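Undergrad: sequence and predicted structure, then a few things I'm wondering about:
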2 protein chains.
Amino acid sequence: MRAMRHPRPEDIELARVLHALSDPVRLDVVRQLDREGEATCAALDCGRPKSSMSHHFRVLRDAGVLRTRTDGTTHMNELRRAELDSLFPGLLQAVLTAPERGAA
Amino acid sequence: MRAMRHPRPEDIELARVLHALSDPVRLDVVRQLDREGEATCAALDCGRPKSSMSHHFRVLRDAGVLRTRTDGTTHMNELRRAELDSLFPGLLQAVLTAPERGAA
DNA sequence: TCGGTAGTTCGAAATTAATCGAACTACCGA
DNA sequence: TCGGTAGTTCGATTAATTTCGAACTACCGA
């Protein structure tokens, strides 16, 4: 497992973050991380194969949405809440609070 | 000019909205609309040809981010602020407040 | 040291999206 | 009715994304 890129706060771009959050699978991952604090990749599979999930984690990681920490043989993921809140106040909150689709 | 689809509030999806906002050109359009209230398509061209802008407006419209009103020969665009605020509280605010990229 | 487990990377196919010129449609005003 | 203006639609091209199996790497424990 190679070095994981985690962008520095000053390199986190709004458009990139929004793009990372614009996928249902990834949105689901982010919601779960919000509820559970942190989780391994395996715990968050959405019925998809590992390689697909790995891709989605990478998109989220590259965008700066989450941080992945290697812990032995597992990878622990957690939201970069503090950084995101500081860079884009209210954004994460709004996304996490929002329903998936407009209420009827 | 054919009928323009404007999704009903209950059909507006978070992921779709986020995707619509995840493009720099469209983000710029949204910011301008925020500042200026409403504007024609031509007034918001970002140096792109009309057909490109028309595409971006459609993405924003289809996602439910803005409403396009035909006014004679021009099209007036405005954010669907009330609906968005009601469906996804704080989201638009956060996106509009945020810097394009994290402050250094 | 030999599995086994966790997750990444590679490769390839299929889908979706962005871009832009050119042709088109609608409407206003002279 | 004849431009002209505003913007959409079409078509084609290119680029980016998603998806997933298969192979790979790293590390732990027996």
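TA: Received, thanks.

Undergrad: in which helix or strand does the residue of chain A at minimum distance from DNA strand D reside?
TA: When distances are taken as Cβ to the nearest atom of the strand, chain A reaches nearest to DNA strand D at A:Ser51, 3.1 Å away. From N, CA and C alone the C-beta is placed, and that goes for glycine too. Secondary-structure assignment from DSSP states H and E places A:Ser51 in helix A:50-63.

Undergrad: gap between the residue of chain A closest to DNA strand D and A:Ile12?
TA: Distance of A:Ser51 to A:Ile12, computed by Cβ to Cβ, to the nearest Å: 26 Å.

Undergrad: in three-state terms, how would the closest residue to A:Gly37 other than its chain neighbours be classified?
TA: Nearest residue to A:Gly37, sequence neighbours excluded (Cβ to Cβ, 6 or more residues apart in numbering or on different chains): A:Glu78, at 6.7 Å. Classification of A:Glu78 using DSSP: H, G, I helix; E, B strand; the rest coil returns strand.

Undergrad: list the contacts of A:Glu78.
TA: Counting by Cβ atoms under 8 Å, 6 or more residues apart in numbering or on different chains, A:Glu78 touches A:Leu33, A:Gly37, A:Glu38, A:Leu66, A:Arg67, A:Arg69.

Undergrad: if we use 10 Å, what do you get?
TA: By Cβ atoms under 10 Å, 6 or more residues apart in numbering or on different chains, the contact list for A:Glu78 reads A:Leu33, A:Asp34, A:Glu36, A:Gly37, A:Glu38, A:Ala39, A:Leu66, A:Arg67, A:Thr68, A:Arg69.

Undergrad: farthest-apart pair in these, please.
TA: A:Asp34 and A:Arg69 (17.1 Å; Cβ to Cβ).

Undergrad: who has more neighbours out of these two?
TA: A:Asp34 (16 against 12; other Cβ atoms under 10 Å in any protein chain shown).
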